[in-house]
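In: here is my input, please return the structure:
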Amino acid sequence: MTETGTLPGASSGSLLKRLIFWDFPRATWPYDVVVGLILIFIFATPRWWFHDQPKEASVVLMSSLHGTNRVFIATELLDKTPDDSRPAKAQALIRQRTGKSWHVVRVEPIRDEAEQEIKGFIAYTAP
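Out: Prediction:
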């Protein structure tokens, strides 16, 4: 390293090239600085910047017993559907999301403890 704080023989263009291609030997201060910058970027960048938010599964097989399946379906997929149309809609959702052609017999809402809010639906299928 020279007295000016740059690497020997490194112009600003060459330093930028070395940063982009990470052309520093291990256990040197420039290598450590680049690693530090990468870590800061990883941990300081907000999730929304990447538009990568976790999403819950909307159709999930819960259990299967004697040919009868119980399938959880997220609230937003069936809450606006009338009660008598829910089995047909649930059957279409299961076929679309899983590829299974199960016949849905009934759909029951899952409510919170106060019985006020629907948290999801359970679709029961026939063999």
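In: counting neighbours, what do you get for residue 51?
Out: Residue 51 has 6 neighbouring residues, counting by other CB atoms under 10 Å. Every C-beta, even on glycine, is put in place using the N, C-alpha and C of the backbone.
In: longest helix in this structure, please.
Out: helix 29-44 (DSSP state H).
In: pull out the buried positions in that helix.
Out: The neighbour-count check on helix 29-44 (16 or more other CB atoms under 10 Å) flags 30, 34 as buried.
In: as a check, name the ranges of all strands in this protein.
Out: Assignment of strands within the chain using DSSP state E yields the ranges 59-65, 68-73, 103-111, 118-126.
In: show me what the second one is packed up against.
Out: The reference is to strand 68-73. The helices and strands touching strand 68-73, judged by 3 or more CB pairs under 8 Å, 6 or more residues apart in numbering; DSSP states H and E, are strand 59-65, helix 86-98, strand 118-126.
In: by mean pLDDT, show me the worst of these.
Out: Out of those, strand 59-65 stands lowest, with a mean of 81 (criterion: mean pLDDT).
In: which residues sit against that strand?
Out: Residues outside strand 59-65 that contact it (CB atoms under 8 Å, 6 or more residues apart in numbering): 69, 70, 71, 72, 73, 74, 77, 93, 94, 97, 98, 122.
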